[in-house]
Each structure stands twice: as C-alpha cells, then as structure tokens.
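**Student:** here's my sequence, what's the structure:
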Amino acid sequence: MDVLAEIINKERFISCHSYVQSEINMLMKVAERFNFNINTFTHILEGYKVADKMKAHGVGGSTFSDWWAYKFEVNDAIPYNAAIMHNAGVVTAINSDSGEMSRRLNQEAAKSVKYGGISEEDAWKFVTLNPAKLLHIDDRVGSIKVGKDADVVLWSGHPMSVYSKAEKTIIEGVTYFDIERDAQSREAIKKEKSELISMMLKDKNKGMKTQPVKKKDKPELNCDSL
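**Tutor:** Numbers count the residues shown, from 1 in each chain. This is a model prediction of the structure:
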C-alpha cells in the first residue's frame, strides 16, 4: 500500500514491461483513471501502433532495435519501432536485455539510422541522453556538459561504426580502460600464464599430484533467465 501511495502521489516512477498494444493501452487508461502517469514502457515492441497515445500520456519507450518474431507476443514487432516512436515525440531509448548486447549498444543505436532514417545525433541519444532522461538522472549523465559526471568514452572512429574501438573509458574523471595499457596487461598475463604452465609441467614430470582441468561456464543472463 505504501508503494501504491507513492505512485498516486507521483513519488515513485513506473517502468512497465510490455509488448502488445492492448496491454499498453490498458495500463495507460488505468493510470489516467487514477491520475498518474507511466514513466517508461520497456521492450514496447508494438509502440509504433500507439505512439501518438504514448506521446499524449507522456510516457517514454525503451525498446529493442530489431528483435521480432521470437515468441508470439512479438510477431508484429518491426525494426522501425524506435524511429516511429521518436518521430511521434516519445522519449525513446534502445535497451539490451542481455549482458552480451549491452557491450554493443552503440551499434544497436545505429540500426535506427538504417531503419527509419533517424539522424546520427538523435540515434546516439537513444543510448546516452534519452535513457538518462527516462531514469531521471540526466542532470548527472547522458551528455557532455559542465557540472555533469565525467563519464566519457573515446573512440578510434565514428562511435556507431562496427569498425570503431573504444580507446579510453573514463568514469567520473578516472580512466578505467586504456587500449594501450590493456595491450601491455595482456602481454603480462600471457607471460605469467606461460610461466605457470611451465612450472606445472615440471611438477608433473617429477611425479607430483595433478588434477583435471575444471571448466567454468559463466551463465548469460537475459529476460528469460530464472
């Protein structure tokens, strides 16, 4: 009840997982009946069907760039979804839903240039400023501006190109990744690994105890993970 009171009093923002237009319309009508707004529809793969209603309601959309037909609820999904919502005036973002895709959101944003003819600057906002707006933290992150957190990535080329590499990653002014430093670290690790293998082989040849290699698989988490 406390949570519901915070929603009614506009003290808590709602992000709603969604797919088809019927459920999107339903929740907006419920919200309007009780005089509050939905903050963000995530996935929102049929957002293009109700973009005008979303704009009127004041809700944002965080969608996949080009996922469709992988289950029944997304049979009508199209890769033009983000562009159509954006052109209707909806604050639009591209989400990843997996650790694998989150590392290349820059390329996911580029797909809206191809599908829908979005400008490069607006497409870039899909993975920078617009998500910050939807999370209500755009006063701190999302764009390069005096007074904001110094979170910056320096690229070797166009930031939405598949050929560009991240050369430096700076978080709050601290360089967390440097491509030259990373190359040096890789060489050091390679050398250390070689030395350790050599030591183990020597011990094995001396008749010391050994154990089989234990493989560890890191699970890839996404929206279907339980």
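
**Student:** drop to CA atoms for contacts and neighbour counts, all remaining ones
**Tutor:** OK.

**Student:** can I get the helix or strand bottoming out on mean pLDDT in the chain as PDB, trimmed to CA atoms?
**Tutor:** Lowest by mean pLDDT, DSSP states H and E among the helices and strands of the chain is helix 99-102, with a mean of 84. Backbone C-alpha positions of helix 99-102 (Å, rounded to 0.1, in the frame of the first residue of the first chain) are rendered in PDB as follows:
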ATOM      1  CA  GLY A  99      25.000  -8.700 -20.900                       C
ATOM      2  CA  GLU A 100      26.100  -9.700 -24.400                       C
ATOM      3  CA  MET A 101      24.200  -7.000 -26.200                       C
ATOM      4  CA  SER A 102      24.900  -4.300 -23.700                       C
END
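
**Student:** contact partners of the helix or strand just after that helix?
**Tutor:** Next in sequence after helix 99-102, counting helices and strands by DSSP states H and E, comes helix 105-114. Applying C-alpha atoms under 8 Å, 6 or more residues apart in numbering, the contact partners of helix 105-114 are 65-66, 79-80, 82-83, 94-96, 118-120, 123-124, 126-127, 159-162.

**Student:** tell me the contacts of residue 64?
**Tutor:** Neighbouring residues of residue 64 by C-alpha under 8 Å, 6+ apart: 43, 45, 82, 94-96.

**Student:** so which of those are in strands?
**Tutor:** 43, 94 (DSSP state E).

**Student:** can you pick the most crowded of the contacts of residue 64?
**Tutor:** residue 82 (35 neighbours; other C-alpha atoms under 10 Å).

**Student:** what's in contact with stretch 37-52?
**Tutor:** Taking C-alpha under 8 Å, 6+ apart as the rule, stretch 37-52 contacts 13-21, 24-25, 27-28, 31, 54, 57-64, 74, 76-78, 80-82, 84-85, 88, 90, 95, 134.

**Student:** and the strand or helix carrying residue 176, what other elements does it pack with?
**Tutor:** Under the criterion of DSSP H and E, residue 176 resides in strand 174-178. Judged by 3 or more C-alpha pairs under 8 Å, 6 or more residues apart in numbering; DSSP states H and E, strand 174-178 is in contact with strand 166-171.

**Student:** who does the strand it packs on touch, helix- and strand-wise?
**Tutor:** strand 152-155, strand 174-178, helix 179-205.

**Student:** per-residue pLDDT, residue 215?
**Tutor:** Per-residue pLDDT puts residue 215 at 87.

**Student:** surely residue 143 and residue 130 touch.
**Tutor:** No. Checked against C-alpha atoms under 8 Å, the pair residue 143 and residue 130 is beyond contact range at 9.6 Å.

**Student:** who's more crowded, these two?
**Tutor:** residue 130 (25 against 18).

**Student:** wait, residue 210 sits on residue 201?
**Tutor:** No. Using C-alpha under 8 Å, residue 210 makes no contact with residue 201, being 9.8 Å away.

**Student:** those two: which has the busier surroundings?
**Tutor:** Legend: neighbour count by other C-alpha under 10 Å for residue 210 and residue 201, higher for residue 201 (14 against 10).

**Student:** so what's residue 16 up against?
**Tutor:** Neighbour list for residue 16: 38, 40-42 [criterion: C-alpha under 8 Å, 6+ apart].

**Student:** pLDDT averaged over the host helix or strand of it - what is it?
**Tutor:** Here residue 16 sits within strand 15-18, counting by DSSP H and E. Averaging pLDDT along strand 15-18 yields 94.

**Student:** quick one: strands adjacent to it?
**Tutor:** strand 40-43 (parallel) (DSSP bridges).
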